[in-house]
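1. Can you look at this prediction? I've put the sequence above it.
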Amino acid sequence: MEQYTIIKSFVMLMALAGAFTFFFLRVRRLYRLMMAVEGTTRFKLDQVSTRIGVLFKDVLGQANVLRKKWPGIAHTLIFFGFLAVQPHSLELMIKGICPAFEVGNWIPGLYGGYLFVADILAAFVLVGFAYAIYRRTMLRPPYLTLGTDANLIILFTCLIIVTFQFINAFQTLLPLAADAYDYRGIFPVSGLLVPLLGLDTLSPQQVFAGYEVAYWIHMATILSFLVYIPGSKHLHLLAAAPNVFLKPLVREKAIIRTDIENEALETFGLGKVSELNWKNVLNLYACTECGRCEEQCPASNTDKPLSPKKVVHDLKVDLLDHSDAILGGDCDQVKPIVREDSPVTGDVLWSCTTCRACEDICPVNIEHLDFIIEARKHQVLMEASFPPEVQETFTNLENQANPWGFGADSRADWCKGMDVPLMSDNPEAELLWFVGCAGSFDDRGKKISQAMARVLQRAGVDFAILGPEEACNGDMARRAGNEYLAQMLIQQNVETLNGYKPKTILSGCPHCFNIIKNEYPHFGAVYPVVSHAEFLFDLHRQGRLKPNGKSLGNLTFHDSCYLGRWNGIFQPPRDLLRSMNNGQLTEMQRSGEKGFCCGAGGGRMFMEETLGKRINVDRAEEIMRSGAATVAAACPFCATMLSDGLMDKASAVAVKDIAEIVDAATV
């Protein structure tokens, strides 16, 4: 026995030293790779106490994970149970080297309480995995990553838990040495294995052998798991918590500004994985491959080649494949992200509507759009590679400052005869209404603008528009990757705005609202900006817009991505519609934070949709299932896309902007 103890101590010491050394070397390489990439980040470490609170809420509290009920509960059971096992496993490692090591002798009461709770939580891990296996074998959601890697992780973890319970059970039967801790009566779950399997009928030699077999399987599995983690999809066990801790505390609503006038820059956007920044790489490491982003993505839902999860996975694989070149400082050997043999294709990049559903649902706060928009930017500016139909749109924006190519001097023609003042005539107006291209030139958008003008006049608002002085806000060009053109349009508007210095800017288009509010400040125009959804509801609360009492019938509301997920404006339009319709509003299944995109964002309004099912048709079908007679929108692009989708389905459901609804429902 003494000889075995010596051999065991030596083998454990060597195993621990080898496994932890190999683990350290693999993690160090990943860290060095993360810090070796060339990109710069806008991240800054601030509000550390707040970040610690976020860490407790999102990681220890599993707040993001639990947003999806049953998978979230299963993951939480696995997470806490696995954590609870580790202190005892660590003690067992030390005891393998030094048999006299007994934590229980130092703090017997606290230690016994810990083991009691840990034993229960360990059993819940198996419950969590039972659901995980059921989900993988029976439910099989298409967005879930299956395969050897995932199955190995399940096997590793289940082995760790089962052997932990057998170790506990055998510990209650081992002969008590003079200085040993008494484990009898401590394990409420593992203790049941003794009578259930007849372990108490075994001889002392058999009990010892059973304990040692369970011990070595337990240790071999833990150490194998430790070595396996850095190269598996469960790298997120190491990276998720840091990524959550370092996430933007206030979600970035502005995409990355590229200094296009910097002659020292040899490339723009993201062309190679070596051009990522360290925070991007941490995002890649943190991905759990849970598939929630893919489940919510409108492109994935309509059979497009884009899966946000797969983009992150493919970029991580590409990064690791080029790790030798990056670590060696030879980034010229790194191949472009978009290349002939790459899974990240042009169709993948251009399928994105930038709706932000992926980022909103991600439990570890990955910023998927940084990858996609920056890759688009590189394709446009450096490779001149983009959907051919966008060329005409870019030309129209450059020549006439609107995507349709109408004469810039006709921008105010929509309001002829309506007595709508220009800022040039009323520079002291209380409100500058930035009408936008859709509201100025699109036939559907012009009707919305006319309704909005009537409502503002009815409420006695002192407002004015820019008219021919207004240019496209730059959103379409920027999200389609043409940063040069976008900045040209933005600077044109910034110069005009700074000339008038408006008190408040009103926008009836969420794309105008988002970019003027969140991105124009980076170009020197900082002004209060309000959406028409908020402004109209505020006018109603002030008593300046009074409902006429007419019922609007069964009404539902479609959330604009750039009003909702991008800027958190969900409730004001709903409150407004309810106040106009005697408190009645029907919600669609996908609404609010889980609202489904119309398909127009990210420049997609001006691109052909030839792959898979049309996104607006998918949304139209959901509108029809709601039973609503009218769907309200808060975006002219949404109104157009929904109208086209409903027309495709030969539906009689009417599409109205909230301005049109308020115009018809107030006196």
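-> On my side now, so go ahead.
2. dump the residue contacts of F156.
-> F156 makes contacts with T221, S224, F225, Y228, as judged by C-beta atoms under 8 Å, 6 or more residues apart in numbering. For glycine as for every other residue, the C-beta is placed from the backbone atoms N, C-alpha and C.
3. What is the neighbour count of the third one?
-> Applying other C-beta atoms under 10 Å, we find 21 other residues in the vicinity of F225.
4. which SS class is it?
-> Judged by DSSP: H, G, I helix; E, B strand; the rest coil, the three-state class of F225 is helix.
5. if we can go back for a sec, could you dump the contacts of F156 to TSV with distance to D341 and pLDDT?
-> Listed next are these as TSV, based on distance: C-beta to C-beta, whole Å; pLDDT from 0 to 100:
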residue	distance to D341	pLDDT
T221	37	96
S224	33	94
F225	33	92
Y228	28	93
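6. Now which of the residues you listed would you call buried?
-> Neighbour-count burial (16 or more other C-beta atoms under 10 Å) is assigned, among the contacts of F156, to T221, F225, Y228.
7. closest to L66 among those residues?
-> F225 (24.9 Å; C-beta to C-beta).
8. which residues does that closest one contact?
-> When contacts are counted by C-beta under 8 Å, 6+ apart, F225 touches F156, T157, I160.
9. for H368, what are its contacts?
-> C293, P308, V311, V312, C358, E359, C362 are the contacts of H368 under C-beta under 8 Å, 6+ apart.
10. shouldn't P528 be in contact with T504?
-> Yes. With contact defined as C-beta atoms under 8 Å, P528 and T504 form a contacting pair (4.7 Å).
11. Look at those two and report which has more neighbours.
-> Using other C-beta under 10 Å as the criterion, P528 and T504 rank with T504 on top: 15 against 10.
12. what sits against the more buried one?
-> T504 makes contacts with E430, L431, L432, Y527, P528, V529, V530, as judged by C-beta under 8 Å, 6+ apart.
13. Could you report the separation of the fourth one from E621?
-> Read that as Y527. Y527 sits 40 Å away from E621, going by C-beta to C-beta, to the nearest Å.
14. Over to the third one?
-> To E621, L432 is 39 Å away according to C-beta to C-beta.
15. Looking at the two now, which is surrounded by more residues?
-> Applying other C-beta under 10 Å to L432 and E621 shows that L432 carries more neighbours, namely 25 against 15.
16. Against Q62, how distant is that one?
-> 45 Å.
17. Output the contacting helices and strands for the longest helix seen in the chain.
-> Ranked by residue count under DSSP state H, the longest helix found in the chain is helix 2-36. Packing partners of helix 2-36 (3 or more C-beta pairs under 8 Å, 6 or more residues apart in numbering; DSSP states H and E): helix 69-97, helix 204-228, helix 278-286, helix 323-327.
18. okay, stretch 593-608 in CSV with CA atoms only?
-> Extracted in CSV, the C-alpha atoms of stretch 593-608 (Å, rounded to 0.1, in the frame of the first residue of the first chain):
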residue,chain,number,x,y,z
GLU,A,593,-36.3,43.1,-28.9
LYS,A,594,-37.1,40.0,-31.0
GLY,A,595,-38.7,41.9,-33.8
PHE,A,596,-38.1,40.6,-37.3
CYS,A,597,-36.4,42.8,-39.9
CYS,A,598,-38.2,44.0,-43.0
GLY,A,599,-35.1,43.3,-45.1
ALA,A,600,-34.2,46.9,-46.1
GLY,A,601,-31.4,47.7,-43.7
GLY,A,602,-27.7,47.7,-44.4
GLY,A,603,-28.2,49.0,-47.9
ARG,A,604,-30.4,46.0,-48.8
MET,A,605,-33.2,48.4,-49.8
PHE,A,606,-31.3,49.0,-53.0
MET,A,607,-30.0,45.5,-53.7
GLU,A,608,-31.7,42.6,-55.4
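19. Check the offset of that stretch from the chain's centre.
-> Mean C-alpha position of stretch 593-608 versus that of the full chain (C-alpha atoms, centre = their mean, to the nearest Å) differs by 16 Å.
20. what does stretch 370-386 give?
-> Offset of stretch 370-386 from its chain centre (C-alpha atoms, centre = their mean): 21 Å.
21. picking that back up, nearest to R454, of the contacts of H368?
-> E359 (37.5 Å).
22. residues in contact with the closest one?
-> E359 neighbours (C-beta under 8 Å, 6+ apart): R251, C293, N365, I366, E367, H368, L369.
23. which among those residues gets closest to P573?
-> Out of those, the member with the shortest distance to P573 (by C-beta to C-beta) is R251, at 20.0 Å.
24. Please, where are all the helices along the stretch 551-667 of the chain?
-> 571-580, 615-625, 636-648, 658-665 (DSSP state H, counting those that start in this stretch).
25. So for F606, what's the nearest residue that isn't a sequence neighbour?
-> In this structure, F606 finds its nearest non-sequential neighbour in T393, 4.4 Å apart by C-beta to C-beta, 6 or more residues apart in numbering.
26. Would you check that that neighbour makes contact with P403?
-> Yes. Taking C-beta under 8 Å as the definition, T393 is a contact partner of P403 at 4.8 Å.
27. what touches both of the two?
-> What both T393 and P403 touch, as defined by C-beta under 8 Å, 6+ apart, is the set M476, F606.
28. hmm, back to that, I only care about the contacts of T504 that end up buried; give me the ChimeraX line for that.
-> In ChimeraX, this line selects whichever of these come out buried by 16+ other C-beta under 10 Å:
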select :431,432,527,529,530
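29. In strands, which of the contacts of T504 appear?
-> The strands, defined by DSSP state E, take in L431, L432, V529, V530 from those.
30. Tabulate the residues you listed (JSON lines), appending distance to A471.
-> Output for the ones in strands among the contacts of T504, formatted as JSON lines (distance: C-beta to C-beta, whole Å):
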{"residue": "L431", "distance to A471": "19"}
{"residue": "L432", "distance to A471": "14"}
{"residue": "V529", "distance to A471": "16"}
{"residue": "V530", "distance to A471": "20"}
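31. Closest to F513 out of these?
-> Relative to F513, and with distances defined as C-beta to C-beta, the nearest of the ones in strands among the contacts of T504 is V529, at 6.0 Å.
32. how close does the closest one get to G467?
-> Using C-beta to C-beta, V529 is found at 19 Å from G467.
33. for P572, same thing?
-> For P572 relative to G467 (C-beta to C-beta), the value is 28 Å.
34. Check F406 too.
-> Separation of F406 from G467 (C-beta to C-beta) stands at 13 Å.
35. and this structure, what are its domains?
-> Structural domains annotated on the chain: 2-36+68-231, 273-381, 390-665, as defined by automatic domain parsing.
36. still on that earlier bit, from the contacts of H368, which land in strands?
-> Per DSSP E, strands hold no members of these.
37. Let's have those in JSON lines, adding pLDDT and distance to E593.
-> What follows is those, written out as JSON lines (pLDDT from 0 to 100; distance: C-beta to C-beta, whole Å):
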{"residue": "C293", "pLDDT": "96", "distance to E593": "14"}
{"residue": "P308", "pLDDT": "97", "distance to E593": "16"}
{"residue": "V311", "pLDDT": "97", "distance to E593": "22"}
{"residue": "V312", "pLDDT": "97", "distance to E593": "21"}
{"residue": "C358", "pLDDT": "96", "distance to E593": "12"}
{"residue": "E359", "pLDDT": "95", "distance to E593": "11"}
{"residue": "C362", "pLDDT": "95", "distance to E593": "12"}
